[in-house]
Structure formats: C-alpha cells, structure tokens
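Q: can you look at this prediction? I've put the sequence above it.
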Amino acid sequence: MTRPLVLGLTGSIGMGKSTVARMFIDAGIPVFDADEAVHHLQATGGALLPAIEAEFPGSTGPSGVDRARLGSLVFGDRAALSRLEAIVHPAVAALRSEFMLEHAGAPIVMFDIPLLFEKGGQDQVDQVVVVSAPADIQRGRVLARPGMTPEKFAHILSLQVPDSDKRQRADYLIDTGCSHAETRAAVDALVATLLKRQS
C-alpha cells in the first residue's frame, strides 16, 4: 500500500494557520499539530518535565512548564533555545511517528509546523501549504493578542522566514485575508484536488 501524501502546513505569526488547520481537519485530513504535541509533553505530568527542570531549574511546577518563566530563560538566548530544542524535538518526532502509524491508511495527512522553513521541516513533507494574509491584517491580529507589543512582534518576525519568501516556496497558498467562507472554500477545493490525485 502506498503511504499517505504528507502536507506541511506553515505560516508566519498571525496569518491564521491554526484556523486553516481546523478547516483541513473538518475536511477529513488528519493533522499532526507540533505545538499541541509540545504542550502535551510540557503539561502536568508531561514526559519532558524532568529533563526541562534539570536543564532550566525553576522552570516547571505543579501545572507543568511555567511558560513565562521558561520563555524568559530562552528568549533572545540562542544557546539556551538550542538546549531546549534538543530536549523537545526528539520527543515531538517520536509522537509524529506514532501519528503516521495511526494514519498509515489515510490518503493525505498534514503536519502543522509553525517554523517549517526555519527548522528545515520541509524535508519531512512532500508538499508545503503556506497560510498568508496582507501585512496590515497580520499586524492587527498579532497586536490584538494579550501581552503582545510592537517590539515583541518585531522580534518574532525577525526569527521567522519572511512571508514573501514562504509564499515563493509554497506548493499551495491559502489566503486568510478574506472571509472565513472564502478561505474554507479554498481549503475544500485543495483537498478535493489532492484526493483525486491520490485515488
């Protein structure tokens, strides 16, 4: 039996990637959410808590990782971030392998990976779907988030591959600078096209 077509879903902060991921799920595509996997691994009783606490003392507690505390320890410190990633990435990869086994019979699966291009994740997928919106819409969405500042937004953008580059490298582009209905129609049309190719 042929293996599923593996789509990678990505997009810069505030582009609506999570919303589009839910639309793919609604369209019947199994989606592996890398961020959700990390949350699971770092929540109360999470498998990574001992290793994270050992590397970053005081960063965990009864409710799992103290994200604000851990964030302050790695924010802007590339060496510290690399140490954290060395703990987290192998565990996420193991969960992704389990997901692939579980959905081995599906025609299409999707990996929702925020930093797909930044971390070389495009090598793990067959085709890339990029979620994008005009810069003014993106900025408005992000700055409306609790605790977000223009400085934080600028810093996050500086760590991400520019949207224009992502658009050029995409196999498929989903526009979220329009109504939800229009975006959903675009997702449904893409799924229908890909399923037809896979059949």
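A: The structure has been received and is ready for your questions.

Q: ok, Asp175 touching Ala186?
A: Yes - in terms of Cβ atoms under 8 Å, Asp175 counts as a neighbour of Ala186; the distance is 6.7 Å. Where you see a C-beta, it was placed from the backbone N, CA and C, and this is true even at glycine.

Q: next one: stretch 34-50 to chain centre, how far?
A: In terms of Cα atoms, centre = their mean, to the nearest Å, the centre of stretch 34-50 is set 15 Å apart from its chain centre.

Q: in it, what's buried?
A: Of the residues in stretch 34-50, those with enough neighbours to count as buried (16 or more other Cβ atoms under 10 Å) are Ala34, Ala37, Val38, His40, Leu41, Gln42, Gly46, Leu48, Leu49.

Q: just the pLDDT for the first one.
A: The predicted local distance difference test score for Ala34 is 89.

Q: contacting residues for the residue nearest to it when sequence neighbours are not counted?
A: Take Ala34 and drop its neighbours on the chain: the residue closest to it by Cβ to Cβ, 6 or more residues apart in numbering is Ile113, 5.0 Å away. By Cβ atoms under 8 Å, 6 or more residues apart in numbering, the residues touching Ile113 are Gly8, Leu9, Thr10, Ala34, Lys119, Gly121.
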